[in-house]
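Asker: Requesting a structural model of the entry that follows:
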Amino acid sequence: MTARVDRIVTSGTFSLDGGTWDVDNNVWILGDDADALVIDAAHDADAIAEAVGDRRLVAIVCTHAHDDHIDAAPALAARAEAPILLHPGDRPLWDRTHPGRAPDAELTDGQTLHIAGTELTVLHTPGHSPGAVCLYAPALGTLFSGDTLFQGGPGATGRSFSDFPTIIDSIRDRLLTLPPETVVHTGHGDDTTIGAESPHLEEWIARGH
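Answerer: Okay, the predicted model is just below:
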């Protein structure tokens, strides 16, 4: 059976640098009728578990470790006996939210994850955070971009652990080289495509300065 992509939207808060904001997060579930993989366990472990259903949860993959993307990860992991995967560059952010509970395994650039006969390639795309990653499924023509790329531009870089030139380099060198028809499933908000975002790179650079 071909892997399918499901989305649920969960609501909560994002806190960093002394501020707290209400946010809605996309939680992506990739799998088939037997197995599933969760990308970003945000806010509500019960809602995510309900969406997974009776499938085996093989892993919880974190695109980065801002608290709104990982706050439900340990509870979901314990419930489903699934490992949490995170790039080590974001361990300092993770430890702010979950001190004493380490991720179970590290994500590395170029690593391949397998779910329901589908390969996901890990692309390290720092900028929004040091250990931010995107997940590319070429067979599905799909990229899970976390908070690196949105409809309309790059993820925010105005807070601690972020850097605007770095995120621009990541998007230009790692993402805009993908086929233009690639569908981008983002961490918040609506989908876009690589082709829709590519023409705006110079605008983003000018806006960033």
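Asker: only C-alpha atoms for contact and neighbour calcs from this point on.
Answerer: Will do.
Asker: Let's see stretch 149-163 as PDB, backbone CA atoms only.
Answerer: What follows is stretch 149-163, C-alpha atoms only, in PDB (Å, rounded to 0.1, in the frame of the first residue of the first chain):
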ATOM      1  CA  LEU A 149      10.100  27.400   4.500                       C
ATOM      2  CA  PHE A 150       6.500  28.600   4.500                       C
ATOM      3  CA  GLN A 151       4.000  29.900   1.900                       C
ATOM      4  CA  GLY A 152       5.500  33.300   1.400                       C
ATOM      5  CA  GLY A 153       9.000  33.000   2.700                       C
ATOM      6  CA  PRO A 154      11.500  31.700   5.300                       C
ATOM      7  CA  GLY A 155      10.800  30.900   8.900                       C
ATOM      8  CA  ALA A 156      11.400  33.500  11.500                       C
ATOM      9  CA  THR A 157      14.900  34.300  12.500                       C
ATOM     10  CA  GLY A 158      14.500  37.100  15.000                       C
ATOM     11  CA  ARG A 159      15.000  35.100  18.200                       C
ATOM     12  CA  SER A 160      17.700  33.200  20.000                       C
ATOM     13  CA  PHE A 161      19.400  30.300  18.200                       C
ATOM     14  CA  SER A 162      18.400  31.700  14.800                       C
ATOM     15  CA  ASP A 163      20.200  33.400  11.900                       C
END
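Asker: chain center to it, what's the gap?
Answerer: 13 Å (Cα atoms, centre = their mean, to the nearest Å).
Asker: next one: stretch 140-148
Answerer: 8 Å.
Asker: Report the buried residues of that stretch.
Answerer: Leu140, Thr142, Leu143, Phe144, Ser145, Gly146, Asp147, Thr148 (16 or more other Cα atoms under 10 Å).
Asker: Which members of these are positioned in helices?
Answerer: Using DSSP state H, no member of those falls within helices.
Asker: Columns pLDDT on top of the residues you listed, output as CSV?
Answerer: Output for the buried residues of stretch 140-148, formatted as CSV (pLDDT from 0 to 100):
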residue, pLDDT
Leu140, 97
Thr142, 98
Leu143, 98
Phe144, 98
Ser145, 98
Gly146, 98
Asp147, 98
Thr148, 98
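Asker: Would you tell me what the next helix or strand after the helix or strand hosting Asp95 is?
Answerer: Here Asp95 sits within helix 91-97, counting by DSSP states H and E. Counting by DSSP H and E, the next helix or strand C-terminal to helix 91-97 is strand 105-106.
Asker: helices and strands around that next one, which ones?
Answerer: Where contact means 3 or more Cα pairs under 8 Å, 6 or more residues apart in numbering; DSSP states H and E, strand 105-106 is packed against strand 84-86.
Asker: can we see that at 10 Å?
Answerer: strand 56-61, strand 84-86 (3 or more Cα pairs under 10 Å, 6 or more residues apart in numbering; DSSP states H and E).
Asker: for those strands, which one ends up most surrounded?
Answerer: Comparing the helices and strands packed on strand 105-106 by mean neighbour count (mean count of other Cα atoms under 10 Å), strand 84-86 ranks first with a mean of 25.
Asker: Tell me where this structure has helices.
Answerer: Counting by DSSP H, the helices of the chain are 45-52, 67-70, 73-80, 91-97, 164-170, 194-197, 201-208.
Asker: Please put the alpha-carbon coordinates of the first one into CSV.
Answerer: Just to be clear, that refers to helix 45-52. Written as CSV, here are the backbone C-alpha positions of helix 45-52 (Å, rounded to 0.1, in the frame of the first residue of the first chain):
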residue,chain,number,x,y,z
ALA,A,45,-0.6,13.8,22.5
ASP,A,46,-4.1,12.5,22.8
ALA,A,47,-5.2,14.0,19.5
ILE,A,48,-2.1,12.8,17.7
ALA,A,49,-2.6,9.3,19.1
GLU,A,50,-6.2,9.3,18.0
ALA,A,51,-5.1,10.3,14.5
VAL,A,52,-2.5,7.5,14.4
